[in-house]
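K.L.:
Return atomic coordinates for the entry below.
(2 chains, ligands or ions: 2)
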Amino acid sequence: MADIINFTIDGKECMAEKGIFILQAAKENDIYIPSLCNYEGVKPQGSCRICSIKTNGQFVTACTTPVADGMEIENNTDEINDMRKSIIELLFVEGNHFCPACEMSGDCELQALAYRFQMMVPRFIYQFPLREIDARHPKILKDQNRCIRCKRCIRTIKDEKGRSVFAFYGRGKNIEVNVDPVLGSKLTDKLAAKAIEVCPVGSILPREKGFRTPIGQRKFDHEPIGSEYKH
Amino acid sequence: MSKKITIEPVTRVEGHGKVTVHMDDNNNVIQTRLHIVEFRGFERFIQGRPYWEAPVLVQRLCGICPVSHHLAAAKAMDVIVGAGTGDGLTPVAEKMRRLMHYGQIFQSHVLHFFHLVSPDLLFGINADPAIRNIIGVAMEHKELAVQGVMMRKFGQEIIKATAGKKIHGTGAIPGGINKNLSIEERDHFLKGEDPLNVDKMIEWSLGAIEFFKNYQSENSELIDNMAAFPSNHLSLVRKDGAMDLYHGVIRAVDANGKKILHDVDPQDYLDYIGEEVKSWTYMKFPFLIEYGKEKGWYRVGPLARLNTIDFIPSPLAQKEFETYKSYTKGKPNNMSMHTHWARLIEVLHAAEMMKVLLNDSDLQKNNLETKGNKVYEGVGMLEAPRGTLFHHYRINDQDLIEMANLIVSTTNNNTPMNKAVEMVAKEQMNGHAIITEPMMNAVEVAIRAYDPCLSCATHALGKMPLEISLYNKNNQLIDRKRK
Ligand code: SF4
Ligand code: FES
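P.N.:
Ligands and ions are numbered 1, 2, ... in the order given. A predicted model of the protein is given here:
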């Protein structure tokens, strides 16, 4: 039998299997820690930092840090939540996220997090980068305005040999995620649908399908993201 | 030396209107201009976006009648996805859209009349602006104010039931609609508790027409003469000449009622409609090509529609239409302030049409979408509350929009609004060298007969060339800058 360890989150006694990541351990104890770049079933990479928690006075990412016996975790505090909110704001100002005309509005995790953390006007200056839609692929559109470079697509969508169909191009602030020109043909209908699903924002779009879900039936129309958790 | 007088800003007109008046040495008005200083740029920033985004994106042009833009763009996209030019949608899709549109006409007209115009009528156009507003109406004519608020609410709830949201929804998609109307939603409007049901809306619409007719008979001097001028009139009409605010062919008549544009297909509008750009405003000036820039301008909106159509296909509105027509002995009505009368007849028509649609079981059907062979260009037209709306798009073979041309109602009415302002200015200002309060008010009221909203009409970012020319006193050009 696996080792069961004890730890606390915001003072609440919790138990989990030794060695699992804090994000998972919190989930098993019905406690919400926000996440964005993490995608269940795929190796975590800890890039967005939205899941940051504090333990031993230090910020660590819950999706990549294993839970340990006796750990005291701070999660839902003003300081941590404001830090999370600032990350969301940074993501908004860094790209061009015009929710009013986006077909993923209501189904978008970034937008849902912004609502949950009550983002109003970002504290940072909008960058308004010049980015475009790449519509060359026959099955999907890649709207670079909205990509948050979480790599969920790169880590999830693989051909039969395990090669990533999506990849990074360019460097620094001009880095872009796009379909690999050679492996692009490997994007079957099924994989394309999966890519659209794993993308947390509206950067990978289906062709000619937008706005089919009426307002009121979209994922986050009625309850904020994370509402399925008790705490 | 001539003097230039500037009046700004125009209150209770959304967006910024600026009027300039040029006078000669004897204080006679020689030229007036209504300047639209806002700049929207939708035609430019829709470029490069996927075509199915257009109906949702371009509706942001307007906060009062977004549904009109939403539907006009969707109609253009119907053409693009091969769902035909007006006859290809499934019954549920077509009827849901019509319901959305009549809800929109209803709420927008009600807002225009009750909230924005009724204060001028109830308190007089020279009353203190502090009471000449909807709050003043609520204080002194409570019943009327309540009706205005509730009627608007009814229209907005129809929009919500069809588009998902009261403002800026998503209902119409290329080739169809994304939801039908549930029985509960339908019954909410048909059998809702008083006053929020469609029968009450019809009753109150009739009451509003009565109110206006009485007002007009007591104040015919003002209502008949203010900014009255002959013009051409243009609108969509149903193929049989009936009023149809959602779909039809383009017809224009002249000031005497002679047909000058003979029921042409919206897809061919470019063969008949030209647009002139002038250096002093961002708004273009549309005209009928056959008659040229000078003679080809026209009016759109309720006044124009009641001049172009042969009849209204709903009984109560038809009866009111006959009374209205008899006032001008069957001839076109060229009196700007009668736009309000025409508007209220349309309010009644919209209420009657909503009732017909709500009773139609097609609204509960499930086949929401049609698709055919894709084409790369499409035009969507409809009659928005304030007049004819043209949306024209071209896409590339990657589904991205590469060209958009939008002619909105206010743009169509650009010349008429300038005419109305000029008439009022001459009447009020000739012989005076200062701007008086009544002058300001009269200009404002004349604009409001056409439009409460100017901001939607300047949307051509990057297209409008700006040229500044400098002349010396001998009228010689000494410098010119372009951008
Ligand atoms: S396309 Fe979507 S899933 Fe891929 S990196 Fe960008 S935001 Fe993440
Ligand atoms: S979810 Fe943990 S860093 Fe992104």
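
K.L.:
which residues touch the longest helix seen in chain A?
P.N.:
Ranked by number of residues, the top helix in chain A under DSSP state H is helix A:78-94. Residues outside helix A:78-94 that contact it (Cβ atoms under 8 Å, 6 or more residues apart in numbering or on different chains): A:34, A:48-50, A:52-54, A:59, A:74, A:97, A:110, A:113-114, A:117-119, A:122-127, A:129, A:148. C-betas here are computed from N, CA, C, even on glycine.

K.L.:
Just the buried residues of those.
P.N.:
For the contacts of helix A:78-94, a burial check counting by 16 or more other Cβ atoms under 10 Å in any protein chain shown picks out A:34, A:48-50, A:52-54, A:74, A:97, A:110, A:113-114, A:117, A:119, A:122, A:148.

K.L.:
and which of those residues is nearest to ligand 2?
P.N.:
residue A:48 (3.3 Å; Cβ to the nearest ligand atom).

K.L.:
Can you report how many residues neighbour the residue nearest to the closest one when sequence neighbours are not counted?
P.N.:
In this structure, residue A:48 finds its nearest non-sequential neighbour in residue A:37, 4.0 Å apart by Cβ to Cβ, 6 or more residues apart in numbering or on different chains. Counted by other Cβ atoms under 10 Å in any protein chain shown, the residues lying close to residue A:37 total 22.

K.L.:
Same question for the residue in the stretch 201-350 of chain B positioned nearest to ligand 1, what's its three-state structure.
P.N.:
In the stretch 201-350 of chain B, the residue that lies nearest ligand 1 is residue B:282 (37.1 Å; Cβ to the nearest ligand atom). Following DSSP: H, G, I helix; E, B strand; the rest coil, we place residue B:282 in the coil state.

K.L.:
What degree of burial does it show, as a neighbour count?
P.N.:
22.

K.L.:
Let me see the confidence value for it.
P.N.:
The model reports residue B:282 with a pLDDT of 73.

K.L.:
hang on, the earlier thing: pull the contacting residues for the residue nearest to residue A:48.
P.N.:
A:44-48, A:50, A:63, A:150-152.

K.L.:
That one looks like it's in a helix, true?
P.N.:
No. Read with three-state DSSP, residue A:37 is coil and lies in no helix.

K.L.:
Okay, it and chain B: tell me how far apart.
P.N.:
Per Cβ to the nearest Cβ, to the nearest Å, residue A:37 is found 26 Å from chain B.

K.L.:
all strands in chain A, in order from the N-terminus.
P.N.:
A:4-9, A:12-17, A:52-55, A:58-61, A:72-74, A:133-134, A:140-143, A:166-169, A:176-179, A:204-206 (DSSP state E).

K.L.:
which one of these is the most hemmed in?
P.N.:
strand A:140-143 (a mean of 24; mean count of other Cβ atoms under 10 Å in any protein chain shown).

K.L.:
Next to chain A in this structure, residues from the stretch 51-200 of chain B, please.
P.N.:
Residues of the stretch 51-200 of chain B that fall close to chain A, judged by Cβ under 8 Å from any Cβ of the partner chain: B:52-53, B:55-57, B:60, B:81, B:163-165, B:168-171, B:173-174, B:178-179.

K.L.:
And these, which of them are buried?
P.N.:
Of these, these count as buried by 16+ other Cβ under 10 Å: B:52-53, B:55-57, B:60, B:81, B:163-164, B:168-171, B:173-174, B:178-179.

K.L.:
In helices, which of those fall?
P.N.:
B:55-57, B:163.

K.L.:
would you list those residues in TSV and tack on pLDDT and distance to ligand 2?
P.N.:
TSV is the format used below for these (pLDDT from 0 to 100; distance: Cβ to the nearest ligand atom, whole Å):
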residue	pLDDT	distance to ligand 2
B:55	95	34
B:56	93	30
B:57	92	30
B:163	95	35
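
K.L.:
nearest spatial neighbour of the closest residue to chain A within chain B, skipping sequence neighbours?
P.N.:
Closest residue of chain B to chain A, Cβ to the nearest Cβ: residue B:164 (2.9 Å). Using Cβ to Cβ, 6+ apart and skipping residues adjacent in sequence, the residue nearest residue B:164 is residue A:215, 2.9 Å away.

K.L.:
Do I have it right that the one you found meets residue B:166?
P.N.:
No. The pair residue A:215 / residue B:166 is not scored as a contact, 10.5 Å apart, by Cβ atoms under 8 Å.

K.L.:
Where does the prediction get shaky in chain B?
P.N.:
B:1-18, B:35-40, B:63, B:129, B:133-134, B:433-437, B:440, B:451-483 (pLDDT under 70).

K.L.:
hmm, back to that, mind putting the ones in helices among the buried ones among the residues of the stretch 51-200 of chain B next to chain A in TSV, distance to residue B:385 included?
P.N.:
Shown next, in TSV, are those (distance: Cβ to Cβ, whole Å):
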residue	distance to residue B:385
B:55	18
B:56	20
B:57	20
B:163	16
